[in-house]
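In: Dropping the sequence and predicted coords here.
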Amino acid sequence: MITYEDFKKVEIKAGKILSAEKIPDTDKLLKLSVDFGDMAETADDTGKKSMLKPAPRQIVSGISAYFPDPAALVGRTCMFVTNLEPRTIKGFQSNGMLFAVSDGKGNFSLLEPNPSIAPGTQAA
């Protein structure tokens with residue numbers, strides 16, 4: 001068991017899947033690009049910092065068996081753990097973890113918030 005104090009450290013946010021593709025030479029892995037509402041500064045040609053632009057994160061997830069056409073994930077908003085230490089899986093860096101459930105009988109579901117929830121909204 002973990003303590004409540006430990007659980008409070010877990011950051012759970014809604015993220016909108018912008019792209020999804022199968023990772024070559026794997027059976028289970030998909031590479032997702034996910035919008036969490038994060039922004040990053042960009043630099044112009046002179047190196048001067050200019051405006052902010054969206055900064056999606058890459059998440060690697062073992063859900064390929066449930067999505068033979070990864071494009072079916074694009075546009076869906078799901079729940080993710082966003083403060084995990086980055087991990088390299090089959091050469092691809094993953095910066096979070098997708099929440100999903102499976103009962104071992106072939107039933108599978110992504111954890112998806114109400115459609116009105118914006119990317120970056122943190123679970124309460």
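Out: Nice, I can see it. Residues are numbered from 1 along each chain as shown.

In: When you work out contacts or count neighbours from here on, use the C-alpha atoms and nothing else.
Out: Will do.

In: any idea how far residue 77 is from residue 20?
Out: Between residue 20 and residue 77 the distance is 13 Å, computed by Cα to Cα, to the nearest Å.

In: May I see the buried residues of stretch 37-50?
Out: residue 37 (16 or more other Cα atoms under 10 Å).

In: Same check on stretch 11-21?
Out: So, applying 16+ other Cα under 10 Å, buried residues of stretch 11-21: 12-21.

In: Just the closest of those residues to residue 111, please.
Out: If you rank these by distance to residue 111 using Cα to Cα, residue 14 comes first, at 9.6 Å.

In: quick one: contacts for that closest one?
Out: 36, 77-80, 113, 117-123 (Cα atoms under 8 Å, 6 or more residues apart in numbering).

In: The lowest-mean-pLDDT helix or strand in the chain pairs with which strands, parallel or anti?
Out: Counting by mean pLDDT, DSSP states H and E, the chain has its least confident helix or strand at strand 49-54, which shows a mean of 73. Note on strand 49-54: by DSSP bridges, its sheet partners are strand 39-43 (antiparallel).

In: Filter the contacts of residue 14 down to the buried ones and hand me the ChimeraX line.
Out: Selection of buried members from the contacts of residue 14 for ChimeraX, criterion 16+ other Cα under 10 Å:
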select :36,77,78,79,80,113,118,119,120,122
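
In: Turn the contacts of residue 14 into JSON lines, columns for secondary structure and distance to residue 43.
Out: JSON lines is the format used below for these (DSSP: H, G, I helix; E, B strand; the rest coil; distance: Cα to Cα, whole Å):
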{"residue": "36", "secondary structure": "coil", "distance to residue 43": "21"}
{"residue": "77", "secondary structure": "strand", "distance to residue 43": "30"}
{"residue": "78", "secondary structure": "strand", "distance to residue 43": "31"}
{"residue": "79", "secondary structure": "strand", "distance to residue 43": "31"}
{"residue": "80", "secondary structure": "strand", "distance to residue 43": "29"}
{"residue": "113", "secondary structure": "coil", "distance to residue 43": "35"}
{"residue": "117", "secondary structure": "coil", "distance to residue 43": "31"}
{"residue": "118", "secondary structure": "coil", "distance to residue 43": "27"}
{"residue": "119", "secondary structure": "coil", "distance to residue 43": "25"}
{"residue": "120", "secondary structure": "coil", "distance to residue 43": "24"}
{"residue": "121", "secondary structure": "coil", "distance to residue 43": "27"}
{"residue": "122", "secondary structure": "strand", "distance to residue 43": "29"}
{"residue": "123", "secondary structure": "coil", "distance to residue 43": "33"}
